[in-house]
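Undergrad: Kindly return the folded structure for what I paste below:
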Amino acid sequence: MIVVVLQGKMDSKQRAIKSKDLEDAMRNIVMLIENAEKAQEDVTEFLEELMKLNILKSLIFHLHYFTKEGKQDVRGLWLKSIRNRKARKTLWTHIRENPEILILLVRGASVKCYDSGEIFRACLTNSSAVHCLVLNSPLVWQYFKFVAQEDFELSSDAFKSFKTIVSRRKADKEKRGITKFLKDNFDKFFKNFCDLLMSDVFHVKLQALKLLSEILQKRENFSVMVKFIRSHFLNSNI
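TA: Sure, this is the predicted structure:
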């Protein structure tokens, strides 16, 4: 049932009408997985099948039309796939082969779809490859627009994802990747960042200042900090 609904071509009205059937089918899948886990059965093959059928990607595409409970089920399926050690290897390959998944997740940040933001951050946190893919794509620059929103909840969720991309990394390889990104894109990145610091929206200015401090205080970003101070503070641009 779920495959039929997802793969059929529908306009916006039809998709909204079908969303209830889609959610019911998805709830059945979630229950099957939960019952299998309780019985200590391996659900890896089942999760991988959801990827092969492009169901996980399609669920993200339809996420906007789901109820709150339906969105939580989608998030649950994705997080189960990420946390399953065997399945997530297939998931990272699936994302690399279908980078539009990341685009769909990022777009969720602009329509108050906070479940997509949580899925996005989970992907970034658990995969160096996905983090590298995002860091070196145009997606990272969209966050300067998302975090600048006047809506506090929307801006805060976007800042969480932005921090995960440009600051909160543990692996040395990821830290070096961020430092390289900041050096290679110094002028563009900090010009956009200074615009956030000059924002008339208090919560945007405050969170931007906190993130800037977090970025510049990283040991690996010392040379970036020195360059920032020389080119901005000493020139009194902010």
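
Undergrad: From here on, just use CA atoms for contacts and neighbour counts.
TA: Will do.

Undergrad: Scan this structure for its longest helix.
TA: When the chain is scanned for its longest helix (criterion: DSSP state H), the result is helix 12-38.

Undergrad: State the mean pLDDT of that helix.
TA: For helix 12-38, mean pLDDT rounds to 73.

Undergrad: Heading C-terminal from that helix, find the next helix or strand.
TA: helix 44-52 (DSSP states H and E).

Undergrad: Could you pull up the mean pLDDT of the helix or strand just after that following helix?
TA: Taking DSSP H and E as the definition, the helix or strand that follows helix 44-52 towards the C-terminus is helix 55-61. Predicted confidence along helix 55-61 averages 87 (mean pLDDT).

Undergrad: Please report how far residue 102 lies from residue 69.
TA: Note on residue 102: its distance to residue 69, by C-alpha to C-alpha, to the nearest Å, is 22 Å.

Undergrad: So for those two, which sits in the more crowded spot?
TA: More neighbours surround residue 102 than the other of residue 102 and residue 69, with 22 against 11 (other C-alpha atoms under 10 Å).

Undergrad: Tell me which helix or strand that one sits in.
TA: helix 100-107.

Undergrad: What are the buried residues along that helix?
TA: 101, 102, 104, 105, 106, 107 (16 or more other C-alpha atoms under 10 Å).

Undergrad: wait, what's in contact with the most centrally placed residue in the chain?
TA: For the chain, the residue lying nearest the average C-alpha position, counting by C-alpha atoms, centre = their mean, turns out to be residue 120 (2.3 Å). Listed by C-alpha atoms under 8 Å, 6 or more residues apart in numbering, the contact partners of residue 120 are 102, 105, 106, 161.

Undergrad: With respect to residue 145, which of those residues is nearest?
TA: Top of the list for closeness to residue 145, among these and by C-alpha to C-alpha, is residue 106 at 11.8 Å.

Undergrad: Let me see the contact set for the closest one.
TA: Under the criterion of C-alpha under 8 Å, 6+ apart, the contact list for residue 106 reads 116, 117, 120, 139.

Undergrad: Drop anything exposed from these.
TA: Applying 16+ other C-alpha under 10 Å to those, the neighbour count classes 116, 117, 120 as buried.

Undergrad: Adding distance to residue 201 and pLDDT, write those residues out as CSV.
TA: Formatted as CSV, the entries for these read as follows, by distance: C-alpha to C-alpha, whole Å; pLDDT from 0 to 100:
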residue, distance to residue 201, pLDDT
116, 25, 92
117, 22, 92
120, 26, 94
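
Undergrad: pretty sure residue 156 is in contact with residue 146, am I right?
TA: No. Because the distance of 9.3 Å does not satisfy C-alpha atoms under 8 Å, residue 156 is recorded as not touching residue 146.

Undergrad: what helix or strand does the residue nearest to the centre of the chain sit in?
TA: With the criterion set as DSSP H and E, the secondary-structure element containing residue 120 is helix 114-126.
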